[in-house]
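Participant: sequence and predicted structure below; questions after.
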Amino acid sequence: MRRSKIIKDRQEFLSLIPLIQTFPLVHNKLKGDFKELLDMTKLCINGGQKFEVLGRLCIKNFFAMIEADIHYYNLFDRYEGFDEKDRFIDQFKETFKQVAKTFDAETLQKEYFSTKLQTLKKLKLLRNNLMHPKSLEDIFDPTYDDISDVETAFEDYNKFIAGLMSDFFFQYEGDDKLEVYRMLVETTSK
């Protein structure tokens with residue numbers, strides 16, 4: 001099923017072109033890095049400090065990828081009241097509610113939120129402790145279960161994003177459609 005956001009303003013549509021080109025590159029780079037890091041971490045399961053360091057990095061990098069996604073989604077489909085200073089979980093919820101509404105994927109979004117959000121919240125707390133340690137305990141030594149939770153959360157998030165992004169289009173409906181189409185083709189073919 002093709003899902004589109006209709007844009008009637010020529011400049012708005014043209015401003016989306018570089019974002020549409022850059023977003024998947026950024027997402028896929030971070031995703032690839034995360035998967036490589038996760039694989040290295042699992043290889044070091046009995047590696048003591050190596051496993052612990054890599055495990056902590058996995059948690060941090062997983063959220064770096066999500067935060068980049070949130071940033072890009074809000075550049076091309078910002079929710080009302082968006083503020084970069086909002087708490088992560090609030091930005092996550094509002095961003096994906098907005099995107100799901102725009103692209104007619106609310107069922108997918110509601111299912112993900114009702115079944116997967118708790119694990120994400122749990123991992124976010126671990127990530128917050130790592131990023132802003134108040135005590136030595138905040139720089140925790142991850143267990144195999146922690147890494148398994150990160151891997152599961154990543155797989156769930158990846159399926160969610162893939163579902164949102166399938167047949168996801170921006171459609172221009174201005175008077176000068178043909179001219180904009182030519183500009184789009186020229187820009188994307190470079």
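Facilitator: That came in fine, so what should we check first? Numbers count the residues shown, from 1 in each chain.
Participant: could you point out the helix or strand that follows the longest helix along the chain?
Facilitator: Longest helix of the chain, by residue count under DSSP state H: helix 10-43. Downstream of helix 10-43, the first helix or strand assigned by DSSP states H and E is helix 49-76.
Participant: show me which positions of that following helix end up buried.
Facilitator: For helix 49-76, burial by neighbour count (16 or more other CB atoms under 10 Å) applies to 51-52, 54-59, 61-63, 65-66, 68-70, 72-74, 76. Where C-beta positions appear, they are placed from N, C-alpha and C, glycine not excepted.
Participant: low-confidence ranges, the protein, go.
Facilitator: 1-3, 175-190 (pLDDT under 70).
Participant: try 80
Facilitator: The model of the chain has pLDDT under 80 over residues 1-7, 47, 165-190.
Participant: now find how far off-centre stretch 23-34 is within its chain.
Facilitator: Distance of stretch 23-34 from the chain centroid (CA atoms, centre = their mean, to the nearest Å) equals 9 Å.
Participant: run through who's touching that stretch.
Facilitator: Stretch 23-34 has contacts (CB atoms under 8 Å, 6 or more residues apart in numbering) with Cys58, Asn61, Phe62, Ala64, Met65, Ala68, Asp69, Tyr72, Phe76, Phe154, Asn158, Ile161.
Participant: repeat that for 10 Å
Facilitator: Applying CB atoms under 10 Å, 6 or more residues apart in numbering, the contact partners of stretch 23-34 are 16, 57-58, 60-69, 71-73, 75-76, 150-151, 154, 157-158, 161, 165.
Participant: I'm done for today, thanks for sticking with me.
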